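Asks: quick one: sequence and predicted model below, then my questions.
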Amino acid sequence: MIGEPTDNKSQEVVERALVEKIEAVPFHIQDRVDILLVKAGVKPAALITELDKPENAERLKGLKELLDALSLPNNFEKTLLSVENADGIFEGSIVNILVGKDQLGLENLEKARKEKSAMAEGLALGYPESAVSSYVENAPRVMRWQLPEELKSEYYYPFIKFQLSQENWPLEIETARKWADNVKMNSTMLFDHITAYTKAKEAAMPNE
């Protein structure tokens with residue numbers, strides 16, 4: 001059975017020097033936000049994925065150094081990948097970077113992935129239980145862009161990074177609000193960046 005997460009209220013404020021290191025790491029904005037939330041203790045774990053290519057070696061090395069400097073337990077796993085597309089079959093490998101706010105957070109995510117349990121993995125990543133259940137059970141869900149128009153201007157809208165259940169979405173978005181509050185407190189740069197990124201992405205792909 002997956003262990004109970006530690007107190008989410010611990011380490012909410014991250015030292016400015018460490019925040020600057022997170023801001024500077026050359027990874028996707030969502031990855032940097034997730035690292036900050038894990039370091040702040042408001043997200044139990046994060047999963048980052050990167051292609052295992054020679055040109056990414058230095059970036060992956062830099063990420064490993066950052067996570068160690070943040071004292072965040074981590075595990076870099078290589079997975080073979082085979083994907084068929086219009087150009088044929090792509091074969092290669094990806095690197096899954098598992099990050100925990102503590103050793104328990106990392107172990108919970110590792111165990112969930114080893115057991116191939118979508119429910120356990122969603123909970124290990126800090127998603128609301130009802131949202132994860134609706135995803136696993138293929139129950140009626142609400143996508144972010146399907147929310148009422150007035151919510152799309154809310155500051156926490158870009159932080160709704162999980163599918164919502166049709167039944168409990170008003171409660172589930174409180175998780176996104178908590179994440180948004182923490183990022184806004186610790187890094188206005190990352191907050192502004194992910195807000196702009198989400199706005200531009202949905203303008204280009206309204207039916208994301």
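Replies: Yes, it's here. Numbers count the residues shown, from 1 in each chain.
Asks: can you name every helix or strand that the helix or strand of the chain with the lowest mean pLDDT contacts?
Replies: Least confident helix or strand of the chain, by mean pLDDT, DSSP states H and E, is strand 74-85 with a mean of 84. Secondary-structure packing of strand 74-85 (3 or more C-beta pairs under 8 Å, 6 or more residues apart in numbering; DSSP states H and E): helix 57-69, strand 88-100, helix 103-114. Using the backbone N, CA and C atoms, a C-beta is placed for each residue, glycine as well.
Asks: contacts for the second one?
Replies: Where contact means C-beta atoms under 8 Å, 6 or more residues apart in numbering, the residues beyond strand 88-100 that reach it are 34-35, 38, 44-53, 56, 60, 63, 67, 72-84, 106-110, 113.
Asks: and stretch 14-34, by the same measure?
Replies: 35-36, 39-40, 43, 46, 48, 50, 59, 62-63, 66, 69-70, 99, 159, 161, 179, 183, 186-187, 189-190, 193-194, 197.
Asks: what sits against N186?
Replies: 13-14, 19, 36, 40.
Asks: let me see the domain layout of the chain.
Replies: 13-116, 127-208 (automatic domain parsing).
Asks: which regions of the protein sit below the pLDDT cut-off?
Replies: By pLDDT under 70, the weakly predicted segments of the chain are 1-11, 85-86, 88, 90, 205-208.
Asks: all good on my end, thank you.
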